[in-house]
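# With the sequence up front, the predicted model follows.
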Amino acid sequence: MTVFGVHVGLQHTTADELRSVWRQIEDLGFGWISVWDHFYGATGKPDDAACLEAVAMHAALACTTSKVRCGSLVYSIGYRHPAVLAKAITTIDQLSAGRADMGIGAGWAKVEYDAYGIPFPDVKTRLDQMEEGIQCLRGLLHDDVTDFEGKWFQLQAARNEPRPVQAKIPIWVGGGGEKRTLKIAARHADGWNVPFIAPAAVAHKNAVLDRHCADVGRDASEIKRAINVGLAYSEDSLQQQFGAISELVRPGVLTGSHEQIMERIGQYVEAGADQVNIALRAPFDLDALSRFSDALHLA
């Protein structure tokens with residue numbers, strides 16, 4: 001069965017507004033809500049810094065809701081040591097009574113790194129760090145004791161106590177890179193997420209992920225596949241939500257009539273998506289989300 005969720009941006013909003021939005025999303029029958037990990041807004045402009053911090057809001061999400069999976073798509077490996085992140089996610093799992101998911105990515109928003117003096121190495125290095133980081137996270141979140149010796153991270157008989165409520169908190173990898181990102185997902189991830197691409201592109205990347213799984217001897221069915229898409233019933237809505245990046249995200253935006261939107265969702269499911277997340281950002285159009293929920297009979 002396809003899971004429907006909402007990926008809620010933390011930019012240009014308040015904690016009070018987010019708590020209200022999360023409650024309404026849960027009441028509409030969605031099974032997943034996730035946060036993103038940014039210090040600046042999504043425009044990439046150096047003066048667009050109105051964005052709440054992800055770990056704190058992930059915890060707030062856990063405390064505000066009672067039924068949905070509480071996810072993150074995705075934490076940047078460059079912002080926190082994986083052991084610090086594992087402790088935070090473990091606490092969030094306890095706060096949510098076992099509803100936490102976590103995602104990890106290599107990071108891309110250079111404007112944030114530059115503003116705060118965080119090193120922003122080349123893409124190969126960032127992917128190397130992510131591959132080491134996810135192994136540290138798997139050990140700390142899934143095992144009682146973890147040893148790891150890498151170039152970027154080291155763990156020595158590391159314990160993560162108290163333990164999470166879940167025996168194994170699902171770990172997602174975010175990104176569409178076919179040579180490294182999908183290979184890392186095949187080796188280490190429980191889920192893979194990609195935003196704003198068309199169904200044909202999802203099908204192609206799913207096939208690449210399946211091939212990487214075969215190469216490493218992994219059962220491809222063990223990895224959940226999720227797509228983040230926009231929801232815009234009109235062109236005006238698309239422009240209001242995404243502005244300067246509207247053309248970039250357009251291939252992954254649900255638009256048109258209910259029939260057209262349902263047909264598009266069917267194409268994503270046929271392409272291999274186990275989960276479809278609506279990417280929602282302020283100003284939050286909850287009326288459109290309610291129409292979408294009604295069309296799917298979620299509530």
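That came in fine, so what should we check first?

# for the stretch 101-250 of the chain, what spans make up the helices?
Secondary structure of the stretch 101-250 of the chain by DSSP state H, counting those that start in this stretch: the helices cover 110-116, 123-142, 181-188, 199-216, 235-242, 246-249.

# Pick the most deeply packed of these.
Comparing the helices of the stretch 101-250 of the chain by mean neighbour count (mean count of other CB atoms under 10 Å), helix 181-188 comes out on top with a mean of 23. Using the backbone N, CA and C atoms, a C-beta is placed for each residue, glycine as well.

# Please report how far the spatially closest residue to Ala220 that is not a sequence neighbour lies from Ile223.
Leaving aside its chain neighbours, Ala220 sits nearest to Cys213 (4.0 Å; criterion: CB to CB, 6 or more residues apart in numbering). The gap separating Cys213 from Ile223 is 7 Å, by CB to CB, to the nearest Å.

# which residues are common contacts for those two?
Common contacts of Cys213 and Ile223 (CB atoms under 8 Å, 6 or more residues apart in numbering): Ala186.

# for Ala279, helix, strand, or coil?
At Ala279 the chain is in strand, as set by DSSP: H, G, I helix; E, B strand; the rest coil.

# And the pLDDT for it?
pLDDT for Ala279: 96.

# thought it was touching Pro195?
Yes - using CB atoms under 8 Å, Ala279 is in contact with Pro195, at 6.6 Å.

# what touches both of those two?
Taking CB under 8 Å, 6+ apart as the criterion, Ala279 and Pro195 both touch 7, 228-229.

# Could you pull up the residues touching the residue nearest the centre of the chain?
Geometric centre of the chain, nearest residue: Leu73, 1.7 Å, by CA atoms, centre = their mean. Residues in contact with Leu73 (CB under 8 Å, 6+ apart) are 7, 34-36, 103, 172, 174, 193, 226, 228, 277.

# and if we set it to 7 Å?
7, 34, 36, 103, 172, 174, 193, 228 (CB atoms under 7 Å, 6 or more residues apart in numbering).

# can you pull out the strands in the protein?
3-8, 32-35, 69-72, 75-76, 102-105, 145-149, 154-159, 171-174, 191-195, 224-232, 253-255, 275-280 (DSSP state E).

# can you put these in TSV and add distance to Asp47 and mean neighbour count?
Output for the strands of the chain, formatted as TSV (distance: least, CB to CB, whole Å; neighbours: other CB atoms under 10 Å):
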stretch	distance to Asp47	mean neighbour count
strand 3-8	23	21
strand 32-35	23	26
strand 69-72	26	25
strand 75-76	21	26
strand 102-105	24	27
strand 145-149	39	14
strand 154-159	38	13
strand 171-174	26	26
strand 191-195	24	23
strand 224-232	24	23
strand 253-255	26	19
strand 275-280	23	22
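
# Which one, of those, ends up nearest to Pro119?
With CB to CB, the closest approach to Pro119 among those belongs to strand 75-76: 11.9 Å.

# how far out from the middle of the chain is stretch 221-241?
Averaging C-alpha positions (CA atoms, centre = their mean, to the nearest Å) puts stretch 221-241 13 Å from its chain's average.

# Other residues contacting it?
Residues outside stretch 221-241 that contact it (CB under 7 Å, 6+ apart): 7, 73, 185, 189-196, 202, 206, 209, 242, 246, 249, 252-255, 268, 272-279, 281, 285, 288-289, 292.

# Any idea how far apart the tips of it sit?
34 Å (CA to CA, to the nearest Å).

# Give me the average confidence score over that stretch.
Rounded mean pLDDT across stretch 221-241 is 93.

# do stretch 147-167 as well
98.

# Over to stretch 43-56?
Mean per-residue pLDDT for stretch 43-56: 91.

# Go ahead and name everything in contact with it.
10-12, 15, 35-41, 72, 75, 88, 109, 111, 115, 243-244.

# Buried by neighbour count, from those: which ones?
Buried members of the contacts of stretch 43-56, scored by 16 or more other CB atoms under 10 Å, are 10-12, 35-41, 72, 75, 88, 109, 111.
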